[in-house]
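Visitor: I'll drop the sequence and a predicted model, then ask my questions.
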Amino acid sequence: MASTGAKQAPKIVSKTSAGGTGAAGASGGPPIMPLASPLMGKKKKPFLGMPAPLGYVPGLGRGATGFTTRSDIGPARDANDPVDDRHAPPGKRTVGDQMKKNQDDDDEDLNDTNYDEFNGYAGSLFSSGPYEKDDEEADAIYAALDKRMDERRKERRELREKEEIEKYRMERPKIQQQFSDLKRKLAEVSEEEWLSIPEVGDARNKRQRNPRYEKLTPVPDSFFSKHLQSGENHTSVDPLQGSCLNLGGLNTPYPGSMTPGLMTPGTGELDMRKIGQARNTLMDMRLSQVSDSVSGQTVVDPKGYLTDLNSMIPTYGGDISDIKKARLLLKSVRETNPHHPPAWIASARLEEVTGKLQVARNLIMKGTEMCPKSEDVWLEAARLQPGDTAKAVVAQAVRHLPQSVRIYIRAAELETDVRAKKRVLRKALENVSKSVRLWKTAVELEEPEDARIMLSRAVECCPTSVELWLALARLETYENARRVLNKARENIPTDRHIWITAAKLEEANGNTQMVEKIIDRAITSLRANGVEINREQWIQDAEECDKASSVATCQAVIRAVIGIGIEEEDRKHTWMEDAESCVAHGALECARAIYAHALQVFPSKKSVWLRAAYFEKNHGTRESLEALLQRAVAHCPKAEVLWLMGAKSKWLAEDVPAARSILALAFQANPNSEEIWLAAVKLESENNEYERARRLLAKARSSAPTARVSVSVLFLGTLSGSGLQVFHRLCRSVPHRLTDVSAKLLNHHSVCQVFMKSVKLEWVLGNIEAAQELCTEALKHYEDFPKLWMMRGQIEEQCENMDKAREAYNQGLKKCPHSVPLWLLLSHLEERVGQLTRARAILEKARLKNPQTAELWLESVRLEYRAGLKNIANTLMAKALQECPNSGILWAEAVFLEARPQRKTKSVDALKKCEHDPHVLLAVAKLFWSERKITKSREWFLRTVKIEPDLGDAWAFFYKFELQHGTEEQQEEVRKRCENAEPRHGELWCAESKHVLNWQKKTGEILAQVASKIKNTF
């Protein structure tokens, strides 16, 4: 090999020098430039030192190309030689396979089936050629042209595809769309009609409903015997009959086949009767083998022998090898330390788990021998043994452990007779007289008189047990109980329960004046004995006293410990939290005591009086509320809300004179209070007592002769129809002070409220002209108050003056462009007169003026939906949710815009965005209602009214739901809760409550009216 290489080397050099290139040039390497010779010109060539152009092959122009020899590429390889890759897939593991694969890749499929008239062949004709840079540039240009042309035709193509899809859907609608009209009609089906629909039955017969495999049963011997008795002579089957050929046309058998010799029994006959007898004999022999030779009865249970096999299967579900390992380990522990009780107990329980109960019993009994002083081993042995054996085990345990309380308790539990239990426990008390547990167990089995005697002995043996002392005190008379508790305090001076029990004892016997003293002594005594007074524990004891109806003790405990361990600046906040905690725990008397103590400490705090008043309103009686409010207004006469609560309580009790007297006192204490004046006017107007209102306002004018009183006189004048004259007289008398008063003596909003109430009263009483004039005069001075513009437009709408109403709304929007109700009223007006385009434009303008306003988006969606444009409504809803992603009213509306199958998914999305929004919760409740999930729907309705009791729509839907699916008690409960909540908001609720015809209706009447107008269209 060395000599061959030496010979080939000069040959390669000569060829390289002749051709001008070497092996490097042939392999595509950089060309080797020749050195400059003296024969070359002095001028340097311009291409020297520059990189070769793309695709340049040195010497190719003059025919001198490089080549390679066998020494460059290595020896030739056979087609069956394996490739270098040891992990090559099948089909590529030899050199021949790879060469064949490369040839197949190079060959192009030029078959006629691969040819298209427009595109030509599917593959590229030049795919085998080199892919150069100009090819890449050409492909990029063509790709840009294709993209450009595709964008030009994109809109037309998408429109055409959309039309084709719509046409396809019209021709082949989905099953869901085919039944959509029938699903909508299901809303009209009543509950009785729904329940009367018969259940879907199965028209197939029993064999078709329950297909079974065909069973082939052998013919019994009785079949043959029956035919034998019927007169036939054949009692056996001739095996030769099976080999006879049934040849057509031959009526006679073969010669000799009917000879009498074959009719006699012989070796070729099968006697079926003898076979049956032999089978019965064999079964008798087998059954006799499993018989009991002593009693002669079989040990096989014919009914339960299969189920009995389950008892032989271990109940442990683990691996058998784990059991063997655990058994071996525990055996090692027992042998190493045989006096270790947990080893015996663990071994017994292991065998018990694996189903070997007898082995477990043997092990634990051996454990009692090795560990006779272990209480746990004896108890485990008693547990594993059956009844009588367990008693014997316990008796043996008592002999070894005569002081064990647990063994005595176990012995008593094993007895079934009460007398035997008592006998065991008394024997135990003779040996262990200091055990409180034994005394308690024994006392529980005795009658009251015997229990009292036993407890007397028990407290002597266990003088430090509080439970025994208290139990004895409960069984004794009043005088004896006092002595018992005194002895208990002497023996246990550090326990608070004895003192609290003594206070409850005095309260139960009517000696309430001693309760306070006992609790005070308790605090003093416990502190003297070094006991720390834990405020939270004492409050818990007070709550327990409250639940036990010991009100005086409860209040005494609260007063004694409520101020312990609290900083002076934190008292109010902490006490209010304590009161709320007591209310949450149902301890109302504790909360009342906390409020009473807080009011003594903070008599001038309006917030404390308000909390106490709301507590009495929700949990107390009307008398307690009125008594509290009388004290409240005496300490806080400037708190208008307290006066108004007292007057309202009297008014709800139909005690109108008392309500008048409270408001009269309120006028004296607050002569410039607009709220009290409006409350008085409302009281008198609803009772049709206009003269009383005049006298009341005259008294107010005498105490506060200001322009506000004049405005109130104007409001009173509206009651009798003379409001306009009073207003003109006021303007003539103080024309220059009217606007100054609003800026100095009363705020702007208050005067506007008075005007609004005046206009509304004229309106509801039917004095339309007076209401319009009052509204016009009010707008001259308060043109930026949107409610006046709303009322003016609504009055014109009621009179069917649509142009004037539109003008009023437009003027109001110029002054109040951010008033959303004004925009909505104008949109409703245009929609009502049929100007849908104008209504849509108004809402778009409103959204521009007031961005991110959910109410405007909601009205836009509903406008399109009412017009029948559901696609536009869905598009608007999507935009609305993008702009207002946390709006509950939008999500609630979006749930019911979806088709029925998608509503649940939409409701889940709504809850993720607005988890505690009442509108979303109400939508979920309505969704469950529509699916007839009554229990879930009721739960969501309750959750809604609990989160937002001021939402009237939730109460109306809840009441409607209970009218359909609830009982009378549930309906009455919803109505009462709604009346207590007094809701003021809600779209449907406000539409009814603020209607001019319903101005004197109560909350319950409005609830029934709103519920009657709700239809289950969802």
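Guide: Sure thing, it's come through.

Visitor: Can you show me the strands along this structure?
Guide: Ranges of strands within the chain are 115-116, 120-121, based on DSSP state E.

Visitor: looking at these, which one has the lowest mean pLDDT?
Guide: Least confidently modelled of the strands of the chain is strand 120-121, at a mean of 61 by mean pLDDT.

Visitor: Where does pLDDT dip in the stretch 301-450 of the chain?
Guide: 301-319 (pLDDT under 70).

Visitor: where along it do the helices fall?
Guide: All helices of the stretch 301-450 of the chain, identified by DSSP state H, counting those that start in this stretch, fall at 320-336, 341-353, 357-370, 375-384, 387-400, 405-414, 418-431, 436-444, 448-461.

Visitor: want to throw those into TSV with mean neighbour count and distance to Arg160?
Guide: Heads up, the C-betas are built off the backbone N, CA and C, glycines and all. Shown next, in TSV, are the helices of the stretch 301-450 of the chain (neighbours: other C-beta atoms under 10 Å; distance: least, C-beta to C-beta, whole Å):
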stretch	mean neighbour count	distance to Arg160
helix 320-336	13	71
helix 341-353	21	75
helix 357-370	18	82
helix 375-384	21	84
helix 387-400	16	90
helix 405-414	20	88
helix 418-431	16	94
helix 436-444	18	90
helix 448-461	16	97
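
Visitor: would you list those helices in CSV and tack on distance to Leu610?
Guide: Output for the helices of the stretch 301-450 of the chain, formatted as CSV (distance: least, C-beta to C-beta, whole Å):
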stretch, distance to Leu610
helix 320-336, 69
helix 341-353, 64
helix 357-370, 70
helix 375-384, 62
helix 387-400, 67
helix 405-414, 57
helix 418-431, 59
helix 436-444, 49
helix 448-461, 50
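
Visitor: Show me the one of those helices that comes nearest Val1010.
Guide: helix 436-444 (58.9 Å; C-beta to C-beta).

Visitor: what inclination does the closest one have with respect to helix 405-414?
Guide: Following axes from the mean of the first three to the mean of the last three C-alpha atoms, to 10 degrees, one obtains 20 degrees for the angle between helix 436-444 and helix 405-414.

Visitor: Between helix 418-431 and helix 436-444, find me the angle.
Guide: When the same axes, to 10 degrees is applied, the directions of helix 436-444 and helix 418-431 differ by 150 degrees.

Visitor: Check which helices and strands helix 436-444 is in contact with.
Guide: Where contact means 3 or more C-beta pairs under 8 Å, 6 or more residues apart in numbering; DSSP states H and E, helix 436-444 is packed against helix 405-414, helix 418-431, helix 448-461, helix 466-475.

Visitor: Give me the distance from that helix to the chain's centre.
Guide: Relative to the centre of its chain, helix 436-444 is centred 47 Å away, using C-alpha atoms, centre = their mean, to the nearest Å.

Visitor: Okay, Arg349 and Arg977: tell me how far apart.
Guide: The gap separating Arg349 from Arg977 is 56 Å, by C-beta to C-beta, to the nearest Å.

Visitor: Distance check, Val861 against Lys1015.
Guide: Distance of Val861 to Lys1015, computed by C-beta to C-beta: 20 Å.

Visitor: and those two? which has more neighbours close in?
Guide: Val861 (24 against 9; other C-beta atoms under 10 Å).

Visitor: Test my guess that the more buried one contacts Thr875.
Guide: No - if you go by C-beta atoms under 8 Å, Val861 and Thr875 don't touch, sitting 9.3 Å apart.

Visitor: quick revisit: kindly reformat the helices and strands packed on helix 436-444 as a markdown table containing distance to Lys324.
Guide: Output for the helices and strands packed on helix 436-444, formatted as a markdown table (distance: least, C-beta to C-beta, whole Å):
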| stretch | distance to Lys324 |
| --- | --- |
| helix 405-414 | 33 |
| helix 418-431 | 42 |
| helix 448-461 | 52 |
| helix 466-475 | 50 |
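
Visitor: Figure out which of these is closest to Ser550.
Guide: Ser550 lies closest to helix 466-475 among those, at 13.5 Å (C-beta to C-beta).

Visitor: Buried residues of that closest one, list them for me.
Guide: Val466, Leu468, Trp469, Leu470, Ala471, Leu472, Ala473, Leu475 (16 or more other C-beta atoms under 10 Å).

Visitor: Show me where the stretch 901-1018 of the chain has its helices.
Guide: Remark: helices assigned in the stretch 901-1018 of the chain by DSSP H, counting those that start in this stretch are 918-930, 934-947, 952-965, 968-981, 987-993, 1003-1012.

Visitor: Tell me which residues of the third one come out buried.
Guide: Of the residues in helix 952-965, those with enough neighbours to count as buried (16+ other C-beta under 10 Å) are Gly952, Asp953, Ala954, Trp955, Ala956, Phe957, Phe958, Tyr959, Lys960, Phe961, Glu962, Leu963.

Visitor: Report the inter-axis angle for it versus helix 934-947.
Guide: Interaxial angle, helix 952-965 versus helix 934-947 (the same axes, to 10 degrees): 150 degrees.

Visitor: Does anything pack onto helix 952-965? Which helices or strands?
Guide: Identification of packing neighbours for helix 952-965 by 3+ C-beta pairs under 8 Å, 6+ apart yields helix 918-930, helix 934-947, helix 968-981, helix 987-993, helix 1003-1012.

Visitor: Check what contacts the fourth one and list those residues.
Guide: The reference is to helix 987-993. Contact partners of helix 987-993, identified using C-beta atoms under 8 Å, 6 or more residues apart in numbering, comprise 951-953, 955-956, 983-984, 998, 1001, 1006, 1009-1010, 1013-1014.

Visitor: Out of those residues, which end up buried?
Guide: Leu951, Gly952, Asp953, Trp955, Ala956, Pro983, Ile1006, Gln1009, Val1010, Ile1014.

Visitor: just checking, the second one touches His985?
Guide: This points to Gly952. Yes - using C-beta under 8 Å, Gly952 and His985 qualify as a contacting pair, with a distance of 6.3 Å.

Visitor: Can you name the residues that contact Ser347?
Guide: If you count contacts by C-beta under 8 Å, 6+ apart, Ser347 has them with Arg327, Leu330, Lys331, Arg334, Ala360, Leu363, Gly367.

Visitor: Relative to Ala326, how far out is the closest residue to Ala343 other than its chain neighbours?
Guide: Distance criterion C-beta to C-beta, 6 or more residues apart in numbering; nearest residue to Ala343, sequence neighbours excluded, is Val333 at 4.2 Å. Relative to Ala326, Val333 is positioned 11 Å away (C-beta to C-beta).

Visitor: Include distance to Glu543 and pLDDT when you put the buried residues of helix 952-965 into a markdown table, please.
Guide: Converted to a markdown table, those look like this (distance: C-beta to C-beta, whole Å; pLDDT from 0 to 100):
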| residue | distance to Glu543 | pLDDT |
| --- | --- | --- |
| Gly952 | 36 | 92 |
| Asp953 | 38 | 93 |
| Ala954 | 33 | 93 |
| Trp955 | 33 | 94 |
| Ala956 | 38 | 93 |
| Phe957 | 37 | 93 |
| Phe958 | 33 | 93 |
| Tyr959 | 35 | 93 |
| Lys960 | 39 | 92 |
| Phe961 | 36 | 93 |
| Glu962 | 34 | 92 |
| Leu963 | 39 | 91 |
